[in-house]
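**Q** next input, structure requested:
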Amino acid sequence: MKTQLASSVLMVIACTGAWAQQPQMYDDRPKITVGGEAVVNVKPDKVVVSFGIETWDPDINVSKQKNNDILKKAVAAMKECGVPEKDIQTDQLSIEPRWHGSYEKQNFIGYFVTNTVMVTLSEVKTVEQLVSSALAAGVTHIHGLDFQTTEFKKYREEARDLALKAAKEKAEKMSAVLGQTIGRPLQISENYTGSSWYGGWNRGRSSGMSQVQVQADRGSSGEIVDSVALGKLAVRAGVSVTFELK
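**A** This is a model prediction of the structure:
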């Protein structure tokens, strides 16, 4: 039994050594690696708005009731703007006691109740009316506006195709200067840049990664026309391609 085990171990070591001694394959073909980028500007057809309601009172029940009253008024105002009830969702609720400077009983301010409401709006042009109505109803914060497109995949693929064409054109021009031409692509990879995809209008709250970066439309004077600028979404794509040189 020991002899069989020793033979098996020697066989594994011999196979491993033989594998390690095999020469590594090296691609010595002449090649060129280039990057390509493209942007497709799209009008948003959807926006997610994050509202905040903050109330406080030394009595926790009073503070909660104040917050609930504002929430009811805000939801009613949102419905009047044409937002279906299913598109109005409570995101989070928090209750926090606060003191002035220290935790001594005499410096107690009260209980702060914070409620966050997420609203999905399909009629993007009515976002200004929605924000104004919510503020008039008692909403205290607008945490963020995230402009989106329901056809993001379509425009993403369009931007990727343009990026690939840009990479090919760049490779052709660079190789021509050297008196060469490009052959078939040997390697293709897609590049992602986090900052290129972070968008929306954000104030006081991190809403995470949105689909695209918003570029606000401006008037002839360079000023944003509306307090909520309905601009275009910049759907970006970047690629890196390695071509064979001939």
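**Q** Thr140 contacts Glu54, correct?
**A** Yes: counting by C-beta atoms under 8 Å, Thr140 touches Glu54, with 4.8 Å between them. For the C-beta atoms, the positions are set from N, CA and C on the backbone; glycine is no exception.
**Q** more neighbours: the two, which one.
**A** Using other C-beta atoms under 10 Å, the more surrounded residue of Thr140 and Glu54 is Glu54, with 18 against 15.
**Q** how about Leu135: what's its closest non-neighbour residue?
**A** Closest residue in space to Leu135, ignoring its immediate chain neighbours: Ile142 at 7.7 Å, by C-beta to C-beta, 6 or more residues apart in numbering.
**Q** what pairs with that neighbour across the strands?
**A** Phe51 (DSSP bridges).
**Q** repeat for Val113
**A** On the basis of DSSP bridges, Val113 takes part in beta bridges with Thr55, Ile95.
**Q** residues touching it, list them.
**A** Glu54, Thr55, Trp56, Ile60, Ser63, Lys64, Lys66, Asn67, Leu93, Ser94, Ile95 (C-beta atoms under 8 Å, 6 or more residues apart in numbering).
**Q** again, but for Leu164
**A** Neighbour list for Leu164: Gly36, Ile188, Val239, Val241 [criterion: C-beta under 8 Å, 6+ apart].
**Q** from the middle of its chain, how far away would the longest helix seen in the chain be?
**A** When the chain is parsed with DSSP state H, its longest helix is helix 152-177. Distance, stretch centre to chain centre, for helix 152-177: 23 Å (C-alpha atoms, centre = their mean, to the nearest Å).
**Q** for this protein, what helix or strand is lowest in average pLDDT?
**A** Within the chain, no helix or strand scores below helix 194-197, which has a mean of 34 by mean pLDDT, DSSP states H and E.
**Q** in this structure, which spans are helices?
**A** So, for the chain - with DSSP H - the helices run 2-21, 60-80, 127-136, 152-177, 194-197.
**Q** need those helices in JSON lines with distance to Val48, can you?
**A** Shown next, in JSON lines, are the helices of the chain (distance: least, C-beta to C-beta, whole Å):
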{"stretch": "helix 2-21", "distance to Val48": "54"}
{"stretch": "helix 60-80", "distance to Val48": "13"}
{"stretch": "helix 127-136", "distance to Val48": "10"}
{"stretch": "helix 152-177", "distance to Val48": "13"}
{"stretch": "helix 194-197", "distance to Val48": "15"}
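**Q** of those, which approaches Val119 most closely?
**A** Closest approach to Val119 among those is made by helix 60-80 (6.0 Å; C-beta to C-beta).
**Q** hang on, the earlier thing: buried sites along the longest helix of the chain?
**A** Neighbour-count burial for helix 152-177 flags 155-156, 158-160, 162-164, 166-168, 170-171, 175 (criterion: 16 or more other C-beta atoms under 10 Å).
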